[in-house]
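A.B. asks: I would like the atomic coordinates for the input below:
(chains A and B)
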Amino acid sequence: MNRYFSLRLLAIHVLGALSVLACLALAYWQWDRAHAYVPPESATTLTFEELSPLRDYLPASSVGVPTSVTGTWQPEERILMPERVVDGKSMVNSNPETEAVVSWAVPVGYWVVDIMELADESSLGVVRGFSETPEQIELASGEATVTGVMQPSEDVPGLKLVNGIEPLTTDLIVENSRTIAHDGYLVATTPTDSLTLVNPIFTEPVVKGLNWRNVAYTFNWVFFAGIVAMMWVRVTRDELEFAEIANSNADLRHDNES
Amino acid sequence: MNREDVAKQWMFYRIMAVVVGTVLLVLTAFLISVRVLENPEPAFYAAAWTAHGYLFPVYVVATFMLSTKLKWSFGKTILIMLAGTIPLMSFFTERKVAKEVAGI
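C.D. replies: Model prediction:
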């Protein structure tokens, strides 16, 4: 067999290439995480469509910016988020690396989230308010215009709620929507029915630069990719050397036989 | 085999094995303190883990360089590299390698 192409060598190359690719993929993943919430250029007076682009993350610069949106309520698609209080900020765990338990002095109840379908047929999760008895809140229906502020999905890096409260995530909204959903959710600032308005978690745009830890991990993985490539070269070289020795031994044997 | 070369690589490996081993041991103690005993995280905690993330690849490079000098098999090289990820383990492997180097 050709000395540059044996089954063992092929296996070495496949393994080597896959390992290097895996390291680079992990590097890319960390790079992506480091950047996930860097705000784009902030602009004044934005329409809802500009504020919350479809098929994209909610820009960090859109968080907490007052806006108004018109659409049709989807009464079958209500989401109730339990164990919550009116003030969103007080539910935030200030040390996200740990679990925090808070006993509330204020009423604990539900955030009532209704889905609104917009003119472009996209879905938007709207936190209409807080209630201790959500079963008494009439389902929203018909066309309406709500004013409010956009909030990021509650699983953004660095955000963790106390008491193990289930986060209101984009995934959850997607699961409960018939159509493509916007990232994040809107907190209504105009009162409806007997709901108490909720104070959003983020009141101003999330301005987060590069996450240095993820950047550090990115280069870590690039470094590893380099080491793996070095080992790949070395194993290939050893294999070729071995094949050469085996070959010359075979030649000797052949010479002796003739 | 060039003895001086081996001695240099051996010293590099040895320093890295002890440094990585010590850092990992200290960080593991803090990990238990933070995760199991639920003590608050010390200020340097995150940065220290990141630093360890950079020290470990240097240890891997040191192991790799020594392995070429001592003609270790691929499997043995990988095992000694992985030993650096287990608390206390790199101290034992360092002693084992020391015996091997002394035998040359």
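A.B. asks: roughly how far is stretch A:114-123 from the heart of the chain?
C.D. replies: 22 Å (Cα atoms, centre = their mean, to the nearest Å).
A.B. asks: Show me which residues of that stretch are buried.
C.D. replies: Using 16 or more other Cβ atoms under 10 Å in any protein chain shown as the burial criterion, the residues of stretch A:114-123 that qualify are A:114, A:115, A:116, A:117, A:118, A:122, A:123. C-beta: built from backbone N, CA, C; applies to glycine.
A.B. asks: who touches it?
C.D. replies: Residues from elsewhere that reach stretch A:114-123 (Cβ atoms under 8 Å, 6 or more residues apart in numbering or on different chains): A:48-49, A:54, A:69-75, A:77-79, A:124-126, A:128, A:139-140, A:144, A:146, A:173, A:176-182.
A.B. asks: is it possible to export the buried residues of stretch A:114-123 to JSON lines including secondary structure?
C.D. replies: As requested, the buried residues of stretch A:114-123 are arranged in JSON lines below (DSSP: H, G, I helix; E, B strand; the rest coil):
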{"residue": "A:114", "secondary structure": "strand"}
{"residue": "A:115", "secondary structure": "strand"}
{"residue": "A:116", "secondary structure": "strand"}
{"residue": "A:117", "secondary structure": "strand"}
{"residue": "A:118", "secondary structure": "strand"}
{"residue": "A:122", "secondary structure": "coil"}
{"residue": "A:123", "secondary structure": "strand"}
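A.B. asks: picking that back up, which ones among the contacts of stretch A:114-123 lie within strands?
C.D. replies: Counting by DSSP state E, the contacts of stretch A:114-123 place A:69-75, A:77-79, A:124-126, A:128, A:144, A:146 in strands.
A.B. asks: which pair in the residues you listed spans the largest distance?
C.D. replies: Maximum pairwise distance in these, criterion Cβ to Cβ, is 20.7 Å, between A:70 and A:79.
A.B. asks: And those two? Which one has more around it.
C.D. replies: Using other Cβ atoms under 10 Å in any protein chain shown, the more surrounded residue of residue A:70 and residue A:79 is residue A:79, with 19 against 12.
A.B. asks: List the contacts of the more buried one.
C.D. replies: A:113, A:114, A:115, A:125, A:168, A:172, A:173, A:176.
A.B. asks: Apply 10 Å and report the result again.
C.D. replies: A:110-115, A:125, A:127, A:168, A:172-173, A:175-177, A:185 (Cβ atoms under 10 Å, 6 or more residues apart in numbering or on different chains).
A.B. asks: out of these, who's nearest chain B?
C.D. replies: Of all the contacts of residue A:79, chain B sits closest to residue A:168, with 26.7 Å by Cβ to the nearest Cβ.
A.B. asks: how many neighbours does the residue of the stretch 51-200 of chain A found nearest chain B have?
C.D. replies: Nearest to chain B in the stretch 51-200 of chain A, going by Cβ to the nearest Cβ, is residue A:97, at a distance of 5.7 Å. Neighbours of residue A:97 under the rule other Cβ under 10 Å: 12.
A.B. asks: Just the element for residue 9, please.
C.D. replies: No chain in the question, so chain A it is. helix A:7-35 (DSSP states H and E).
A.B. asks: Correction: the question concerned chain B.
C.D. replies: helix B:3-31.
A.B. asks: mind checking how far that helix is from the chain centre?
C.D. replies: So, by Cα atoms, centre = their mean, the centroid of helix B:3-31 is 4 Å from its chain's centroid.
A.B. asks: so for the helix or strand following it, what's the average pLDDT?
C.D. replies: Sequence order places helix B:45-70 as the next helix or strand after helix B:3-31, per DSSP H and E. Taken as a whole, helix B:45-70 carries a mean pLDDT of 89.
A.B. asks: got it, and stretch A:125-143?
C.D. replies: 91.
A.B. asks: Distance from the chain centre to that stretch, please.
C.D. replies: That offset, for stretch A:125-143, works out to 27 Å (Cα atoms, centre = their mean).
A.B. asks: Identify each buried residue in it, please.
C.D. replies: Buried residues in stretch A:125-143, counted by 16+ other Cβ under 10 Å: A:125, A:126, A:127, A:128, A:129, A:130, A:131, A:134, A:137, A:140.
A.B. asks: Could I get the phi/psi values of the closest residue to the fifth one other than its chain neighbours?
C.D. replies: It stands for residue A:129. Of all residues not flanking residue A:129 in the chain, residue A:195 sits nearest, at 2.7 Å (Cβ to Cβ, 6 or more residues apart in numbering or on different chains). Here is the backbone geometry of residue A:195 (degrees, to the nearest 10): phi -80, psi 140.
A.B. asks: In contact with residue A:195, which residues are there?
C.D. replies: Residues in contact with residue A:195 (Cβ under 10 Å, 6+ apart) are A:110, A:111, A:112, A:127, A:128, A:129, A:130, A:131, A:134, A:137, A:188.
A.B. asks: how about 7 Å then?
C.D. replies: Residue A:195 sits next to A:112, A:128, A:129, A:130, A:131, A:137 when contact means Cβ atoms under 7 Å, 6 or more residues apart in numbering or on different chains.
A.B. asks: The fifth one bridge partners, please.
C.D. replies: It refers to residue A:131. Here residue A:131 sits in beta bridges with residue A:110, going by DSSP bridges.
A.B. asks: Tell me if I'm right that it and residue A:108 touch.
C.D. replies: No. Residue A:131 is beyond contact range of residue A:108, at 11.1 Å (criterion: Cβ atoms under 7 Å).
A.B. asks: which two from the contacts of residue A:195 end up farthest apart in space?
C.D. replies: Longest span within the contacts of residue A:195, Cβ to Cβ: A:130 and A:137, 10.2 Å.
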